[in-house]
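1. give me a model of this one.
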Amino acid sequence: MKRMIIVPDGWPCLYHECRPGFFVVNESLYLKSEYGGEGYCDTGEYFAKTDCMVQPVNSVWEEFESD
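-> You can find the predicted model right below:
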């Protein structure tokens, strides 16, 4: 079977320095838009902490054995 995992992509940075794409803050996944630099959480709410540290991430597929 395969599963998708989230892995760090680069170094932690300030939100306004983060490239568009997915990032993590306090074990929660967010998306930064390339249009205006807006960020959103998994429920669609706006991410407003623009001066906090974030960790850019990527998704990777990996093989695993199910029980």
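2. and the contacts of the longest strand belonging to the chain?
-> In the chain, taking DSSP state E as the definition, the longest strand is strand 53-63. Residues from elsewhere that reach strand 53-63 (Cβ atoms under 8 Å, 6 or more residues apart in numbering): 1-10, 12-15, 18-19, 21-25, 29-30. Bear in mind the C-beta positions are built from the backbone N, C-alpha and C, glycine included.
3. so what strands line up beside it?
-> Sheet pairing of strand 53-63 (DSSP bridges) gives strand 2-8 (antiparallel), strand 13-14 (antiparallel), strand 21-25 (antiparallel).
4. picking up where we left off before, give me the buried subset of the contacts of strand 53-63.
-> Buried subset of the contacts of strand 53-63 (neighbour count, 16 or more other Cβ atoms under 10 Å): 15, 18, 22-23, 25, 30.
5. now for the residues you listed: which two are most distant?
-> Of all pairs drawn from these, the greatest distance, 12.9 Å, lies between Tyr15 and Phe22 (Cβ to Cβ).
6. overlap in contacts, those two.
-> Joint contacts of Tyr15 and Phe22 (Cβ under 8 Å, 6+ apart) are Lys32.
7. next up, the contacts around Glu34.
-> Pro20.
8. doesn't it belong to a strand?
-> No: counting by DSSP: H, G, I helix; E, B strand; the rest coil, one finds Glu34 to be coil, located in no strand.
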